[in-house]
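S.K.: Provided below for reference: sequence and predicted model.
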Amino acid sequence: MENKNNVIEFILLGLTENQKRKKKTQKIIFIGFLVIYIVSVVGNVLIVVIITASPLLESPMHYFLAYLSFIDACHSSVNTPKLIVDLLHEKKTILFNECMTQIFGEHFFGDAGVILFTVMTYDHYIAICKPLHYTSIMTRRVCHLFSGVSWVAGFLHVFIQIIYILRLPFCGPNIIDHLMCDLNPLLNLACINTPGLFVAVNSGFLCLLNFLLLIGSYVVILHSLRSQSLEARQKALCICVSHTTVVVLFFVPCIFVYLRPATTLPIDKAVSVFYTMITPMLNLLIYTLRNTQMKNTIRKLYSRKAISDES
């Protein structure tokens with residue numbers, strides 16, 4: 001595939017172009033971002049280990065939670081390490097191929113997470129609305145199938161984006177007013193006019209469609225709770241509130257960034273930090289703190305470790 005490209009690297013402007021402000025705040029931001037990244041990655045990896053090493057893995061809900069934690073750990077590791085390192089350098093550059101890798105990883109894990117959110121909503125719907133048929137519907141084979149679909153769908157979606165970008169000529173300028181490589185700021189640097197609605201249709205519409213589908217599903221779930229006992233309603237509401245909170249935190253920033261023509265706004269930098277760094281950490285805290293089974297399993301594993309250390 002021929003790509004008439006004169007640009008071999010891009011210059012990232014980072015958080016701000018104000019040099020005095022950079023020097024005063026970059027150390028604080030560096031420490032803050034580093035702490036958030038470590039907490040997010042270590043915490044999500046621990047969730048994967050805890051679930052896979054305990055009977056919780058037999059539960060479809062926790063099976064998908066382990067997959068989500070793995071995706072979050074990978075998603076936050078695509079851009080964050082370079083973003084943190086760049087805070088220590090005045091000039092921030094990224095090679096063209098590294099930029100393509102960032103976009104691929106960002107959207108691959110992001111798209112896989114979007115599909116997985118939908119799968120988790122379906123799992124909650126079956127568990128709440130059809131509890132007697134839950135074990136016969138959500139079998140381990142079905143769980144593996146849904147997980148595979150999320151990976152394949154994510155790959156196909158980002159493959160279309162990468163192929164489209166690689167066909168574009170980039171002959172300068174090469175300055176990206178952003179923290180990282182992403183679709184909107186990159187398309188603005190192409191030497192030809194790109195379809196203004198490409199990102200909106202390709203990424204924004206996917207986010208919006210899944211978001212509306214998830215909200216509609218929870219409306220159906222909440223409607224079905226009227227005929228159940230108070231205890232069952234409280235348990236179901238706890239699950240729904242946790243998942244809905246995670247969905248809103250992920251989808252609203254994505255819809256804001258991608259469901260519009262290929263333009264960049266100053267607030268995009270803060271929004272990108274939120275859904276690439278903050279959201280994976282919040283997912284960890286929300287699912288762990290509001291999941292009684294997870295907390296009980298962590299206590300048991302900690303108690304066993306304490307006993308073994310004493311002996």
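M.R.: Looks like it arrived, so ask away.
S.K.: got the buried residues for stretch 63-77?
M.R.: 63-77 (16 or more other C-beta atoms under 10 Å). Just so you know, the C-beta spots here come from the backbone N, C-alpha and C atoms, and that holds for glycine as well.
S.K.: What about these, which are in helices?
M.R.: In helices, defined here by DSSP state H, the members of the buried residues of stretch 63-77 are 63-77.
S.K.: from these, which is closest to E231?
M.R.: E231 lies nearest to L65 out of those, by C-beta to C-beta, at 22.5 Å.
S.K.: What segments of the stretch 101-250 of the chain are helices?
M.R.: 134-137, 140-166, 183-187, 198-199, 205-224, 230-258 (DSSP state H, counting those that start in this stretch).
S.K.: Figure out which of these is closest to L56.
M.R.: The closest of these to L56 is helix 140-166. By C-beta to C-beta, the value is 13.1 Å.
S.K.: Quick one: residues contacting the residue sitting nearest the centre point of the chain.
M.R.: A centroid search over the chain (C-alpha atoms, centre = their mean) returns G110, at 4.6 Å, as the residue closest to the centre. If a contact means C-beta atoms under 8 Å, 6 or more residues apart in numbering, then G110 has H75, G154, C254 as its contacts.
S.K.: ok, the first one touching V114?
M.R.: No: distance between H75 and V114: 11.0 Å, which falls outside the contact criterion (C-beta atoms under 8 Å).
S.K.: ok, back up a step: G105 is nearest to which of the helices of the stretch 101-250 of the chain?
M.R.: Nearest to G105, of the helices of the stretch 101-250 of the chain and by C-beta to C-beta, is helix 140-166 at 8.6 Å.
S.K.: Taking their axis directions, the closest one and helix 205-224 sit at what angle?
M.R.: Counting by axes from the mean of the first three to the mean of the last three C-alpha atoms, to 10 degrees, helix 140-166 points 150 degrees away from the direction of helix 205-224.
S.K.: Output the contacting helices and strands for helix 140-166.
M.R.: Under the contact definition 3 or more C-beta pairs under 8 Å, 6 or more residues apart in numbering; DSSP states H and E, helix 140-166 sits against helix 60-86, helix 96-129, helix 183-187.
S.K.: For that helix, list every residue counted as buried.
M.R.: Neighbour-count burial for helix 140-166, counted by 16+ other C-beta under 10 Å, picks out V142, C143, F146, S147, S150, W151, A153, G154, H157, V158, Q161, I165.
S.K.: In space, what's closest to the fifth one - neighbours in sequence excluded?
M.R.: When the adjacent residues along the chain are set aside, S150 lies closest to I115, with 3.9 Å between them (C-beta to C-beta, 6 or more residues apart in numbering).
S.K.: what does the fourth one give?
M.R.: Across the structure, with C-beta to C-beta, 6+ apart as the measure, the residue nearest S147 apart from its sequence neighbours is Y67 (5.6 Å).
S.K.: picking up where we left off before, take the helices of the stretch 101-250 of the chain and lay them out in a markdown table including mean pLDDT and distance to S54.
M.R.: What follows is these, written out as a markdown table (pLDDT from 0 to 100; distance: least, C-beta to C-beta, whole Å):
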| stretch | mean pLDDT | distance to S54 |
| --- | --- | --- |
| helix 134-137 | 90 | 19 |
| helix 140-166 | 90 | 16 |
| helix 183-187 | 82 | 39 |
| helix 198-199 | 65 | 41 |
| helix 205-224 | 82 | 27 |
| helix 230-258 | 78 | 19 |
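S.K.: Redo those as a markdown table? Include distance to L88.
M.R.: Below are the helices of the stretch 101-250 of the chain laid out as a markdown table (distance: least, C-beta to C-beta, whole Å):
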| stretch | distance to L88 |
| --- | --- |
| helix 134-137 | 51 |
| helix 140-166 | 29 |
| helix 183-187 | 22 |
| helix 198-199 | 31 |
| helix 205-224 | 33 |
| helix 230-258 | 26 |
